[in-house]
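> sequence and predicted structure below; questions after.
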There are 2 protein chains.
Amino acid sequence: MNDKLLLSNQVCFLFYQIDREIISLYRPFLDTLGLTYPQYLVMLVLWEEDNITVGHLGERLALDTGTISPLVKRMEKAGLLARSRDPQDERVVRLTLTEKGTALKETAASVPDALASCLDLSHEEYLKLKKDMTALLEKIHRQKCGL
Amino acid sequence: MNDKLLLSNQVCFLFYQIDREIISLYRPFLDTLGLTYPQYLVMLVLWEEDNITVGHLGERLALDTGTISPLVKRMEKAGLLARSRDPQDERVVRLTLTEKGTALKETAASVPDALASCLDLSHEEYLKLKKDMTALLEKIHRQKCGL
DNA sequence: CGCTATTATATTGTGTACAATATTATCACA
DNA sequence: TGTGATAATATTGTACACAATATAATAGCG
């Protein structure tokens, strides 16, 4: 009758599962690094650009302050980064890698290849998937802005 | 240097964002129904097959007991379903829709179309996306089993 | 200069996820 | 027929997500 409500017809459910499955593929490797998946994403940002603000980090990961704030506090406690108020503007909190956080990049360098081999995607498949998913994400963003 | 660690090169981050964006598209519609997204998935299963066990629900949603158990308890409290031990096997808990839960299907019937129009996907695009993502999910499952 | 609006971050409260452990009921078999 | 193994679900503890609210610092403006 109403096929539209069948679980198997929900594309959203596919994304929901794929997201969790991918994260579970990361887990053994990230456990070795002592990181959770969102913490790994934070580290990727900091390895790219150190000494950023909490607000900027939230923008890059598309996470709000309610998620970011406790996340970076846990990472500070774990010795991965330091939080400090900007003397120029005391509202701003700047995030800096510790030695431990910087050093972890060496170990993390092998993670992308490890995952790629888990997923068993050729470079072409990877590029196509990345292109398709980027397009989909941008389409969603455009819709949300009501364009 | 090591482009592989750039956030923008992580396909996983695309799926992470797409999953959250899609759920946020659902939110206004599900708020109307008084459901969260995982609760909506539970309702989809129950509208398909009523009187199922907690274990079966967990299998269909690929969620473990630590997630399912409190989830269905909250839904029981909300009056959407009833939990009862199976007299044949007291270990088993069976889930049944209440009148309210059954009735909610009428209102929910419009959700899939509402989402489709949010995503602005043609039927062909939807079918292709579903096919591609199903294939990807199955590929991940095969990898995990070590085949 | 003082006061209000805005900005950056934090906190609170609720609801997932998931690993690890606990609990209770059934099963298998000596 | 006990009794240890197994199965189904629950609980505990930790870590996100996110809406709503709070807090503190800066900016803007009369």
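Structure received. Numbers count the residues shown, from 1 in each chain, chains lettered A, B, ... in the order given.
> who in chain A is up against DNA strand C?
A:16, A:20, A:23-24, A:27, A:53-56, A:58, A:65-66, A:68-70, A:72-73, A:83, A:89, A:91-94 (CB under 7 Å from any atom of the strand). (Glycine included, C-beta is placed from N, CA and C.)
> any idea how far the residue of chain A found nearest DNA strand D lies from residue A:101?
With CB to the nearest atom of the strand, the shortest gap between chain A and DNA strand D falls at residue A:66, namely 2.6 Å. Using CB to CB, to the nearest Å, residue A:66 is found at 23 Å from residue A:101.
> returning to what we had before: am I right that the residue of chain A closest to DNA strand D is in a helix?
Yes: the assignment for residue A:66 (DSSP: H, G, I helix; E, B strand; the rest coil) places it in a helix.
> burial measure for it, as a count.
A total of 9 residues lie near residue A:66 under the criterion other CB atoms under 10 Å in any protein chain shown.
> now the one 4 residues further on
Residue A:70 is flanked by 10 other residues according to other CB under 10 Å.
> can you name the residues that contact it?
Under the criterion of CB atoms under 8 Å, 6 or more residues apart in numbering or on different chains, residue A:70 has no neighbours.
> what pLDDT does it get?
If you check residue A:70, the pLDDT there is 98.
> buried set for the helix or strand where it lies?
Using DSSP states H and E, residue A:70 maps to helix A:65-77. Of the residues in helix A:65-77, those with enough neighbours to count as buried (16 or more other CB atoms under 10 Å in any protein chain shown) are A:68, A:71, A:72, A:75, A:76.
> for DNA strand C, what's its nearest residue on chain A.
Counting by CB to the nearest atom of the strand, chain A gets nearest DNA strand C through residue A:55, at 2.4 Å.
> what residues does chain A have near DNA strand D?
Within chain A, the positions near DNA strand D by CB under 7 Å from any atom of the strand are A:36-39, A:62-67, A:70-71, A:74, A:88-91.
> contact partners for the residue of chain A closest to DNA strand D?
Per CB under 8 Å, 6+ apart, neighbours of residue A:66: none.
> pLDDT averaged over stretch A:77-95 - what is it?
So the average pLDDT for stretch A:77-95 ends up being 97.
> buried sites along it?
A:80, A:81, A:93, A:94, A:95.
> mind checking which of the residues you listed are in strands?
A:81, A:93, A:94, A:95 (DSSP state E).
> ok, which pair from those is furthest apart?
Pairwise distances across those (CB to CB) peak at 10.9 Å, for the pair A:81 and A:93.
> in chain A, which spans are helices?
A:11-33, A:37-48, A:54-61, A:65-77, A:99-108, A:111-119, A:123-144 (DSSP state H).
> give me whichever of those helices is most buried.
helix A:37-48 (a mean of 20; mean count of other CB atoms under 10 Å in any protein chain shown).
> tell me what angle it forms with helix A:54-61.
110 degrees (axes from the mean of the first three to the mean of the last three CA atoms, to 10 degrees).
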